[in-house]
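>>> with the input below, show me the fold.
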Amino acid sequence: MWTVVYISSNGILAEQLKSVLVEEGLLVMLRPVGIPFLGEAGPVELLVPESEAEEAHEIINSKIPI
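Got it, this is the predicted structure:
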């Protein structure tokens, strides 16, 4: 089962985060949220297999300044 681990503000950020997670060996799927005609400007969910969710959170938290 796939689990949402992050909702990015746009497609460009989502692709960057996906690249980081894939480099770490995780499976990642992107899914647009909301209005489809927004394209890259709309929010995008990052999903990983449920078994990799905790690791994905740790990686994302280490890459995104709070």
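
>>> helices along the chain, start to end?
11-23, 53-63 (DSSP state H).

>>> now the residue nearest the centre of the chain. Nearest residue, chain neighbours left out?
In the chain, the residue lying closest to the centroid (C-alpha atoms, centre = their mean) is Leu46, at 2.6 Å. Using C-beta to C-beta, 6 or more residues apart in numbering and skipping the chain neighbours, the partner closest in space to Leu46 is Tyr6 (4.4 Å). Where you see a C-beta, it was placed from the backbone N, CA and C, and this is true even at glycine.

>>> contacting residues for the one you found?
17, 45-46, 56, 60 (C-beta atoms under 8 Å, 6 or more residues apart in numbering).

>>> pLDDT below threshold where in this protein?
Residue ranges of the chain with pLDDT under 70: 36-39, 66.

>>> now do the contacts for Ala41.
Per C-beta under 8 Å, 6+ apart, neighbours of Ala41: 10-11.

>>> in the sheet, which residues pair with Val4? Tell me.
Leu47 (DSSP bridges).

>>> I'd say it and Val44 touch.
No: assessed by C-beta atoms under 8 Å, Val4 is found out of contact with Val44, at 10.4 Å.

>>> count of residues packed around Leu27?
Other residues within reach of Leu27, judged by other C-beta atoms under 10 Å, total 13.

>>> okay, now the nearest residue to it once chain neighbours are set aside: neighbour count?
Nearest residue to Leu27, sequence neighbours excluded (C-beta to C-beta, 6+ apart): Pro49, at 5.7 Å. Per other C-beta under 10 Å, the neighbour tally for Pro49 reads 14.

>>> then Ala14?
23.

>>> show the contacting residues for it.
So Ala14 contacts 8, 30, 44, 46 (C-beta under 8 Å, 6+ apart).

>>> do I have it right that the third one meets Val28?
No: Val44 is not in contact with Val28 according to C-beta under 8 Å; the separation is 11.1 Å.
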